[in-house]
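Student: got a sequence here, can you build the structure:
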Amino acid sequence: MSAPATLASIFDGIEVRRKRAKCEQPAAAQPRLPAWPEAVRVVPNPILRSALFGAIARGRRCYIDGEQLAALDGIEIRYTGQRLDQGDRDVWEGVLHMVRLQELGSQCRVTSYALLKLMGLTDTGKNRVTLNKRITRLVASALRVKQGRYSYIGSLIAGAAKDEETQEWLIELDPKLRALFAADQFTQIEWAVRHELNGKPLAQWLHGFYASHAKPFPMKVETLHRLCGSESELRRYRQTLGDALDAVAEASAAHGEGFSYHIRGGLVYVEKKARGAQRRHLAKRAAKPRTPRA
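Tutor: Residues are numbered from 1 along each chain as shown. Below you'll find the predicted structure:
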């Protein structure tokens with residue numbers, strides 16, 4: 001049997017099982033991702049505060065074999081696979097965005113056109129090839145993410161199949177991914193701001209990193225260099241960091257997001273407007289009684 005026929009049988013079989021399931025006793029409900037509006041993308045904080053999706057340029061990727069990636073204190077990420085970049089994160093965010101409306105573990109049916117459009121890209125042959133490579137990388141990934149009491153061991157995408165004629169994908173996420181979306185452990189990213197920063201991987205990483213903090217604390221330039229997974233020398237990184245922060249500030253202002261910064265004494269100070277759950281978090285922290293010093 002030819003490969004296309006085999007893949008077609010997979011799609012047909014899934015459709016038959018879906019119709020049959022309507023007449024059978026429903027199985028126990030699988031977990032769902034938290035709900036979020038159309039204008040944002042949602043990413044677990046450990047992902048945003050680490051070098052998993054690095055601020056790296058396009059091109060040849062090195063292979064990582066179970067190494068522990070740079071991350072903020074309290075986060076442990078071990079990863080096996082090709083290095084992932086901000087474009088890979090866009091695809092993963094897009095898949096999460098599509099799957100949020102259904103149970104984790106169920107097949108998400110989406111065309112290449114719809115997924116590319118969701119990322120603000122045109123449906124061209126080149127973009128389809130790139131999309132295919134990125135989904136393949138995300139399926140082939142193996143990681144262990146641990147923060148606090150919760151951890152996840154698995155891949156970023158559990159599996160995928162594609163009909164080459166219709167360009168329809170069947171994409172599945174592991175239900176255990178829900179552990180990364182515990183309360184207050186994920187961040188809503190303004191998609192319009194991130195999309196405006198397309199082609200500026202360091203700016204995109206910085207936008208996500210600072211979005212995950214209700215009130216950012218001063219950070220050493222060297223620390224940001226390590227956390228974002230930059231492959232540039234520190235001297236070169238220092239020269240590009242200001243430009244990237246300027247880009248974040250301009251894109252944020254254009255879409256009503258407050259963001260300002262200054263660099264002094266080797267430290268980066270960022271001021272931003274807390275939103276939603278972050279405002280509630282700051283209010284709760286401010287309301288806690290403080291123990292007087294002896």
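
Student: by mean pLDDT, flag the weakest helix or strand of the chain.
Tutor: Sorting the helices and strands of the chain by mean pLDDT, DSSP states H and E puts helix 277-287 at the bottom, at a mean of 44.

Student: give me the below-cutoff pLDDT ranges for the protein.
Tutor: 1-28, 274-294 (pLDDT under 70).

Student: what does the helix ranked longest in it contact?
Tutor: Counting residues, the longest helix in the chain under DSSP state H turns out to be helix 234-254. Helix 234-254 is contacted from outside by 193, 196-197, 200, 202-203, 206-207, 210, 221-222, 224-225, 230, 232, 258-261, 263, 268, 270, 272, using CB atoms under 8 Å, 6 or more residues apart in numbering. All C-beta spots, glycine's among them, are computed from the backbone N, C-alpha and C.

Student: of those, buried ones?
Tutor: Among these, the ones that count as buried by 16 or more other CB atoms under 10 Å are 193, 196-197, 200, 202-203, 206-207, 210, 224-225, 230, 232, 259, 261, 268, 270, 272.

Student: can you tell me how far the nearest residue to Asn45 once chain neighbours are set aside sits from Leu180?
Tutor: The shortest distance from Asn45 to any non-neighbouring residue, by CB to CB, 6 or more residues apart in numbering, is to Ser212 (4.8 Å). According to CB to CB, to the nearest Å, Ser212 and Leu180 sit 13 Å apart.

Student: what about these two, which has more around it?
Tutor: Ser212 (22 against 19; other CB atoms under 10 Å).

Student: now do the contacts for the more buried one.
Tutor: Here Ser212 is in contact with Val43, Asn45, Leu48, Arg49, Thr187 (CB under 8 Å, 6+ apart).

Student: same thing with Arg100?
Tutor: Arg32, Leu33, Pro34, Ala35, Trp36, Val42.

Student: check Gly208 too.
Tutor: Residues near Gly208 by CB under 8 Å, 6+ apart: Val43, Leu48, Arg89, Thr187, Ile189, Arg194.

Student: now the strand or helix carrying it - C-alpha only, PDB.
Tutor: Following DSSP states H and E, one finds Gly208 within helix 201-211. Listed next in PDB are the C-alpha coordinates belonging to helix 201-211 (Å, rounded to 0.1, in the frame of the first residue of the first chain):
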ATOM      1  CA  PRO A 201      14.500  36.800  18.100                       C
ATOM      2  CA  LEU A 202      16.200  38.600  21.100                       C
ATOM      3  CA  ALA A 203      13.400  41.200  21.300                       C
ATOM      4  CA  GLN A 204      10.800  38.400  21.100                       C
ATOM      5  CA  TRP A 205      12.500  36.400  23.900                       C
ATOM      6  CA  LEU A 206      12.800  39.600  26.100                       C
ATOM      7  CA  HIS A 207       9.100  40.400  25.500                       C
ATOM      8  CA  GLY A 208       8.000  37.000  26.700                       C
ATOM      9  CA  PHE A 209      10.500  36.900  29.600                       C
ATOM     10  CA  TYR A 210       9.400  40.300  31.000                       C
ATOM     11  CA  ALA A 211       5.700  39.600  30.300                       C
END
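
Student: direction included, what does the helix or strand that it is followed by pair up with?
Tutor: Scanning forward in sequence from helix 201-211 by DSSP H and E, the next helix or strand is strand 219-220. According to DSSP bridges, strand 219-220 has the following sheet partners: strand 267-272 (antiparallel).

Student: what lies in contact with the strand it pairs with?
Tutor: Contacts of strand 267-272 (CB under 8 Å, 6+ apart): 210-211, 213, 216, 218-221, 224, 241, 245, 252, 257-263.

Student: can we see that at 10 Å?
Tutor: Among residues not part of strand 267-272, those counted as contacts by CB atoms under 10 Å, 6 or more residues apart in numbering are 206, 209-211, 213-221, 223-224, 241-242, 245, 248-249, 252, 257-263, 278.

Student: equivalent analysis for stretch 126-135, please.
Tutor: Contacts for stretch 126-135 (CB under 10 Å, 6+ apart): 58, 82, 84-85, 87-92, 94-95, 112-113, 115-116, 119, 121, 123-124, 156-157, 160, 162, 164, 167, 169, 171.

Student: of the residues you listed, buried ones?
Tutor: 82, 84-85, 87-92, 94-95, 112, 115-116, 119, 121, 156-157, 160, 162, 167, 169, 171.
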